[in-house]
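A.B. asks: fold the following for me, if possible:
(one chain, ligands or ions: 2)
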Amino acid sequence: MSATTSVSTTSATSTGGLQIRQLHPTYACEITGVDLSKPIPEEDFIRVRDALHRYGVVVIPRANLPDDRGHVEFSRRFGEVEKSKWRSPHMRPLPYDEIFDISNLDVKSEIVTESNEKRITAIRGNALWHADGSFNPRRTYVSMLRAVELPPAGTGGETEYADARQAYEDLPEETKARIKDLVVVHSFLHNRQTSNPDSPLFKGRSVFDEPLARHKLVPIHEPSGQLVLYVTSYAHHIEGMPIEEGQQLLRELMAHATQPKYVFRHVWQNNGDAVIWDNTAVLHRATAGAYEGKHRRDMRRTCVMDSSKDAYGLNNPADAKNQRNSS
Ligand code: OGA
Ligand code: MN
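C.D. replies: Ligands and ions are numbered 1, 2, ... in the order given. Here you go, the predicted model:
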């Protein structure tokens, strides 16, 4: 389907009790008729996973995951669920190591304000386009984000996605040939410095003094066999190229991949809704909004580790044992 096809022509398909409706001309779908309040049959799970591989983003309205535990258990069906190795003292003490706190709430469950430098810088970092965990030696595959408490409608907090497979596909052939074997060096710090140029937390630090991860610029999305433009805000430079030149190319590719025609904007509707995405096929970012500093947005996420052939990129798998939490 071409990127110019209007969404209204996309089809709804029904498989078993599940309804799949495409949400964007090239990717993203909504699945209804799936109730995650109890474990779902294997054939339904396979339909959800197949949809994830095909569409990259699966929105499940009123998924009704009963609690953190149900969220972790459902996530396990996709593979090895990441456990956070430490919970920052600035975060709420949630009971499961597998649940990442994506809320705007502080350790006392109060709304984070501008004066909370540690949290506000992370929130800003999350508003840059990224794939979860690209800065780690072992990448993240699936993320599942669940809305526990949404801010009032119309106050923002939407999540945006970009179709990194279609973006690759649409590149001119000469660009594809030029970038096909390039290796990108990713750095957690790079995202934080870019999003918070004035923060004392990151000023004066060099990415070369901190962990770096090497991933192909064009890995293969194994389940679909499609190539992906894996360019994220953690991407610091390109191996074997002068830093500036590599950064210029990364900026151009990022601008290409995140053009409006590749973007699907998810407007969260109800508490209990969930979105699953495949970080090896799509990019995403949080968006700012009037709710910030005023209304609670309690979002919780699980991450499943990548097990595909490009999971470890060009990194030493042993280094993944001590890698940092996904972000
Ligand atoms: C995430 C993420 C965006 C959002 O959960 O990994 O980037 O809108 N979330 O909260
Ligand atoms: Mn993220």
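A.B. asks: residues touching residue 145, list them.
C.D. replies: 102, 159, 274, 275, 276, 277, 299, 300, 301 (C-beta atoms under 8 Å, 6 or more residues apart in numbering). Where C-beta positions appear, they are placed from N, C-alpha and C, glycine not excepted.
A.B. asks: how about 7 Å then?
C.D. replies: By C-beta atoms under 7 Å, 6 or more residues apart in numbering, residue 145 lies in contact with 102, 274, 275, 299, 301.
A.B. asks: determine which two of those residues are furthest apart.
C.D. replies: Pairwise distances across those (C-beta to C-beta) peak at 12.3 Å, for the pair 102 and 274.
A.B. asks: up against ligand 1, what does the stretch 101-250 of the chain have?
C.D. replies: 102, 126, 132, 143, 145, 159 (C-beta under 6 Å from any ligand atom).
A.B. asks: any chance of those in TSV, with secondary structure and pLDDT too?
C.D. replies: Converted to TSV, those look like this (DSSP: H, G, I helix; E, B strand; the rest coil; pLDDT from 0 to 100):
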residue	secondary structure	pLDDT
102	coil	96
126	helix	97
132	coil	98
143	strand	98
145	strand	98
159	strand	98
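A.B. asks: most neighbours among those, please name it.
C.D. replies: Each of these was scored for neighbours by other C-beta atoms under 10 Å, and residue 132 scores highest at 27 neighbours.
A.B. asks: so who does that residue touch?
C.D. replies: Per C-beta under 7 Å, 6+ apart, neighbours of residue 132: 140, 143, 279, 303, 326, 327.
A.B. asks: so of these, which ones are in strands?
C.D. replies: 140, 143, 303 (DSSP state E).
A.B. asks: all strands in the stretch 51-200 of the chain, in order from the N-terminus.
C.D. replies: Here the stretch 51-200 of the chain has its strands, by DSSP state E, counting those that start in this stretch, at 57-60, 100-101, 140-149, 159-163, 183-186.
A.B. asks: give me the element residue 249 is part of.
C.D. replies: Counting by DSSP states H and E, the element that carries residue 249 is helix 243-257.
A.B. asks: show me what that helix is packed up against.
C.D. replies: helix 164-169, strand 235-238 (3 or more C-beta pairs under 7 Å, 6 or more residues apart in numbering; DSSP states H and E).
A.B. asks: for this structure, give me the ranges with low pLDDT.
C.D. replies: Within the chain, the stretches with pLDDT under 70 are 1-16.
A.B. asks: picking that back up, from the residues of the stretch 101-250 of the chain next to ligand 1, which is closest to residue 51?
C.D. replies: residue 143 (15.4 Å).
A.B. asks: give me the beta-bridge partners of that closest one?
C.D. replies: For residue 143, the beta-bridge partners are residue 277, residue 303 (DSSP bridges).
A.B. asks: you'd agree it is up against residue 274?
C.D. replies: No. Assessed by C-beta atoms under 7 Å, residue 143 is found out of contact with residue 274, at 10.6 Å.
A.B. asks: tell me the phi and psi of residue 170?
C.D. replies: phi -80, psi -10 (degrees, to the nearest 10).
A.B. asks: so how far is ligand 1 from it?
C.D. replies: 24 Å (C-beta to the nearest ligand atom, to the nearest Å).
A.B. asks: give me the number of residues near that residue?
C.D. replies: So residue 170, with other C-beta under 10 Å, has 19 neighbours.
A.B. asks: can you pull the contacts of the residue nearest to residue 72 when sequence neighbours are not counted?
C.D. replies: In space, and not counting its chain neighbours, residue 72 is closest to residue 98: 4.4 Å by C-beta to C-beta, 6 or more residues apart in numbering. With contact taken as C-beta under 7 Å, 6+ apart, residue 98 is in contact with 72, 81, 82, 83, 302.
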